[in-house]
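In: Got a sequence here, can you model it:
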Amino acid sequence: MKTSTIAEAKNNLSQLIHSLEAEEPIHLTRYGKPVAVMMSESQYKHLISPAKSLNSAILNWRSQLDYSADVSLSDKNLKSMRKESAGREFSWDE
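Out: Residues are numbered from 1 along each chain as shown. Now for the predicted structure:
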C-alpha cells in the first residue's frame, strides 16, 4: 500500500486523488506513523456495503483472492475443511 505524509498529501491532493482512482488506498502518516487512509469512492462503497449473507461474503472474499500469490488456503484445503460430519448431540437442558 502506498504511503504519504499529511504535508505531502496537502501539497499534492489532486494528484493523490487521481492515483486513488486507479490504485489501492493510501496510508497517511504523521511523524512516520499511520494515522489515516485515503481511498476511492468505489472502494469506500464496497467497504461499507453490508454483506447479504455469510455465504455471499465468503464467496466475495474468495473471488478477490489472488491465487498466484502464496496463499496457504488452497481450494482443496477449503473443501477439506467443509467435509460433513456426523455432528454432535446437543440439548438446551443440562
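
In: pretty sure His27 is in a strand, no?
Out: Yes: checked against DSSP: H, G, I helix; E, B strand; the rest coil, His27 lies within a strand.

In: residues contacting it?
Out: Going by CB atoms under 8 Å, 6 or more residues apart in numbering, His27 touches Met1, Lys2, Thr3, Ser4, Pro34, Ala36, Val37. To be clear about C-beta, it is placed using only N, CA and C from the backbone, and glycine gets the same treatment.

In: again with Pro25
Out: Met1, Lys2, Val37, Met38, Met39, Ser40, Gln43 are the contacts of Pro25 under CB under 8 Å, 6+ apart.

In: for those, which one is nearest Leu20?
Out: When the contacts of Pro25 are ranked by distance to Leu20 (CB to CB), Ser40 comes first, at 4.6 Å.

In: I'd say that closest one and Glu21 touch.
Out: Yes: using CB atoms under 8 Å, Ser40 is in contact with Glu21, at 5.4 Å.

In: ok, the two, which is more surrounded?
Out: Set side by side, Ser40 and Glu21 show more neighbours around Ser40, with 17 against 10, by other CB atoms under 10 Å.

In: does the residue nearest to that one when sequence neighbours are not counted sit in a helix, a strand or a coil?
Out: Distance criterion CB to CB, 6 or more residues apart in numbering; nearest residue to Ser40, sequence neighbours excluded, is Leu20 at 4.6 Å. Of the three states, Leu20 takes helix under three-state DSSP.

In: Quick one, grab the pLDDT at Leu20.
Out: pLDDT for Leu20: 86.

In: now do Ser42
Out: Reported pLDDT for Ser42: 87.

In: just Ser4 next, same as before
Out: pLDDT, Ser4: 91.

In: and the gap between Ser40 and Gly32?
Out: 25 Å (CB to CB, to the nearest Å).

In: do the same with His18
Out: According to CB to CB, His18 stands 25 Å off from Gly32.

In: Counting neighbours, go ahead and name the busier of those two.
Out: His18 (11 against 7).
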